[in-house]
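Trainee: what would the 3D arrangement of this be:
(2 chains)
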Amino acid sequence: MFEIEIKNLSKIYDKKIKALDNINFETNMSGILSIIGKNGAGKTTLVKILSTQLYPTSGYAKINGYDVVKDEKNLREIIAAVPQEARAVPWLTPLQTVQTYLMWRGYSYKESKEIAYEYLNLVGLKGLENVKNRKLSGGQKRKVLIASVLASNAPIIFLDEPTTGLDYISRKELWNILEKIKNEKLIILTTHYLEEAEILGDLILILDKARLIKYGDIETLRKSIEYQYQLKIYGNLDFNFNGLLKRYPDHYEIFVNDDEINKIKEILFRKNIRFTFAPLSLNTIFEYFVEGGLNEEN
Amino acid sequence: MKKINMILSSILVNAIYAMINYPVLLINTLLAPISILAVVTFASKGTLLPIASLGALMMNMITSGVSLQGDLSHLKNDMKLQDMVVSSPTDQNIYLLGMAISEIVYAIPTLSILFFINILFVKINYIGWILIIADLILVFSFSISLGFFLSTISSDVVQSWAFSGIISPILSTIPPVYYPITFIPYPWRYLAYISPTTYAAEIAQDIVGYIKLSNFEFLLSWLILISFTIFTFYLGLKRSYWREP
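Mentor: Residues are numbered from 1 along each chain as shown, chains lettered A, B, ... in the order given. Down below sits the predicted model:
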């Protein structure tokens, strides 16, 4: 298990741009911590501070008891990070990229080469080890960097928007890799894809306008608002219910709580109305917190 | 041992793998100093060959700092590689040392040829050579430290080009490294003294016998050169932005 403690953490750029505003957060976990938020919410700033790339303006953050400022030397032994917009050096090959990254972490030339082969294989780049990075696709270049940090065996890994710009298949491949390795690690991942955060995140942090507005696992987040389910109904809605209704040209969407869902399902079955239902998605939960509630639409 | 691996990694990324994967880089490093050396030698009908070959060596040391600034800015701003290294056990001193050595390794083919030319044409005693090598080491040290400092404060490639555009003429165009400073008429000669390289060039030219400095001027040149090197060391090690402020 890994401990994160963040207390009154703020970051102000150029004495006026508030990138993080008094963040307070504590957890003891392993697995994947997903950080979500709109552009400019503060996701990257938070990751950069935690991964010792950026100084906070005030407050503190500790990971496993190591202060990100005072104990940066110790902390850097146990973390590895792929920054947002990081690119594999074009004149290197994937093998050379992973190998040299490992050597910066203290591995020997020979050992790092052996490990590099193993992890390039893990991320599906077997056979491409000696091709120059510039000849790889965008997804493959990302995988080279991810292979580098995974190969480092650092227990805490920061991935800042690792799947931005990747196609769905490449994203799914990456999710599978992260699922495979997440149990013994803490992976702190920022993403714009809420579906990704929902699938991967054992804990989800929602940032908005530099503030932490909510955190918890998906179930906790769902339970913290008044609706837990959403139903799509393709037929007449001629019965009463407690919940929120959204009208669309070809269907209705309703949001209800745990108590109401079974009652409504029963009515819909009885009336033979076609419907689908699912627990509230992170998309909807995110909209709820960031927009300050779900709006009824006509 | 870990630190040696970290240093070796920088050398591999910035020199050895770059040269293996793009052999054309070897020609690139060789061309500039050799061509200026040739021009000065031909224009002076061979009389300036010794001083120009020393100048070419000095220019190579200066170019290392200028290219380090460009290389590191590229790795930091475009590749975000420096951020990956920041979040690793490698600290800025080790990174700087590795990258500095990488510039030397990168320049080995050129340096070998230039040292060979110097041994052939520069006729001085051992003490003279020791002083010249110390002079070259100081030039290399300040250019590398300055290059590293500027690379860490540059935030994008345009700013990095601007830094290169400023330090390149100050360190390598204005100072008279390929010819004696006495060739520059007053008051332009004063302009040359804004560059620390001028003092290094004066020391070398005095040792070879092309100019005659008084003992005071000779010591003053060393003092200025050493002070500037210490100042750039301070900038590189203490004032650079390894971690963003």
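Trainee: contact residues of chain B facing chain A?
Mentor: Residues of chain B lying close to chain A (CB under 8 Å from any CB of the partner chain) are B:1-3, B:5-6, B:8-10, B:12-13, B:17-18, B:21-22, B:75, B:78-81, B:83-91, B:243-245. Yep, even glycine has a C-beta here, placed from its N, CA and C like the rest.
Trainee: are any of these buried, and which?
Mentor: Of the members of those, the ones counted as buried by neighbours, 16 or more other CB atoms under 10 Å in any protein chain shown, are B:5-6, B:8-10, B:12-13, B:17-18, B:21, B:75, B:78-81, B:83-91, B:243.
Trainee: need the residue closest to the centroid of the chain.
Mentor: Chain wasn't specified; assuming chain A. Among the residues of chain A, A:Ser34 comes closest to the average C-alpha position under CA atoms, centre = their mean, at 3.0 Å.
Trainee: my question was about chain B
Mentor: For chain B, the residue nearest the mean C-alpha position is B:Ile62 (2.2 Å; CA atoms, centre = their mean).
Trainee: mind listing the helices for the stretch 1-150 of chain A?
Mentor: A:43-50, A:72-78, A:94-104, A:109-122, A:138-151 (DSSP state H, counting those that start in this stretch).
Trainee: what residues of the last one count as buried?
Mentor: To tie it back to what came earlier, the one meant is helix A:138-151. Taking 16+ other CB under 10 Å as the basis for neighbour counts, the residues of helix A:138-151 that come out buried are A:139-151.
Trainee: then the third one?
Mentor: Neighbour-count burial for helix A:94-104 flags A:Pro94, A:Leu95, A:Gln96, A:Thr97, A:Val98, A:Gln99, A:Thr100, A:Tyr101, A:Leu102, A:Met103, A:Trp104 (criterion: 16+ other CB under 10 Å).
Trainee: rewinding a little: would JSON lines of the helices of the stretch 1-150 of chain A with mean pLDDT and distance to chain B be doable?
Mentor: Conversion of the helices of the stretch 1-150 of chain A to JSON lines gives the following (pLDDT from 0 to 100; distance: least, CB to the nearest CB, whole Å):
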{"stretch": "helix A:43-50", "mean pLDDT": "97", "distance to chain B": "7"}
{"stretch": "helix A:72-78", "mean pLDDT": "97", "distance to chain B": "5"}
{"stretch": "helix A:94-104", "mean pLDDT": "98", "distance to chain B": "4"}
{"stretch": "helix A:109-122", "mean pLDDT": "96", "distance to chain B": "7"}
{"stretch": "helix A:138-151", "mean pLDDT": "93", "distance to chain B": "7"}
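Trainee: among the ones you listed, which is nearest B:Val157?
Mentor: With distances scored as CB to CB, the stretch of these nearest to B:Val157 is helix A:138-151 (19.0 Å).
Trainee: ok and the next helix or strand after the closest one relative to helix A:138-151, angle-wise?
Mentor: Moving toward the C-terminus from helix A:138-151, the first helix or strand encountered (DSSP states H and E) is strand A:156-160. Interaxial angle, strand A:156-160 versus helix A:138-151 (axes from the mean of the first three to the mean of the last three CA atoms, to 10 degrees): 160 degrees.
Trainee: now strand A:156-160: mean pLDDT?
Mentor: Taken as a whole, strand A:156-160 has an average pLDDT of 97.
Trainee: give me the number of residues near the closest residue to the residue nearest to the centre of chain A other than its chain neighbours?
Mentor: With sequence-adjacent residues excluded and distances taken as CB to CB, 6 or more residues apart in numbering or on different chains, A:Ser34 is closest to A:Gly201, at 3.2 Å. The burial count assigned to A:Gly201 is 24, neighbours taken as other CB atoms under 10 Å in any protein chain shown.
Trainee: mind listing what A:Gly201 touches?
Mentor: Taking CB atoms under 8 Å, 6 or more residues apart in numbering or on different chains as the definition of contact, the neighbours of A:Gly201 are A:Ile32, A:Leu33, A:Ser34, A:Leu189, A:Asp217, A:Ile218.
Trainee: A:Asp167 now?
Mentor: Taking CB under 8 Å, 6+ apart as the definition of contact, the neighbours of A:Asp167 are A:Gly139.
Trainee: on that earlier part again, quick check: the residue nearest to the centre of chain A vs chain B, distance?
Mentor: In this view, A:Ser34 and chain B are 19 Å apart by CB to the nearest CB, to the nearest Å.
Trainee: and if you look at A:Leu244?
Mentor: Using CB to the nearest CB, one obtains 43 Å as the distance from A:Leu244 to chain B.
Trainee: and that residue, how many residues sit next to it?
Mentor: Burial of A:Leu244, expressed as a neighbour count using other CB under 10 Å, amounts to 17.
Trainee: lowest average confidence across helices and strands of chain B, where is it?
Mentor: Of all regular secondary-structure elements in chain B, judged by mean pLDDT, DSSP states H and E, the least confident is helix B:24-43 with a mean of 83.
Trainee: tell me which other helices or strands it touches.
Mentor: With contacts defined as 3 or more CB pairs under 8 Å, 6 or more residues apart in numbering or on different chains; DSSP states H and E, the secondary structure elements packing on helix B:24-43 are helix B:17-21, helix B:49-73, helix B:108-121.
Trainee: now that helix: buried residues?
Mentor: Using 16+ other CB under 10 Å as the burial criterion, the residues of helix B:24-43 that qualify are B:Leu25, B:Thr29, B:Leu30, B:Pro33, B:Ile34, B:Ile36, B:Leu37, B:Val40, B:Thr41.
Trainee: pLDDT at the nearest residue to the last one once chain neighbours are set aside, what is it?
Mentor: So that's B:Thr41. Ranked by CB to CB, 6+ apart and with sequence neighbours excluded, the top spatial neighbour of B:Thr41 is B:Leu49, at 4.7 Å. B:Leu49 is assigned 89 on the pLDDT scale.
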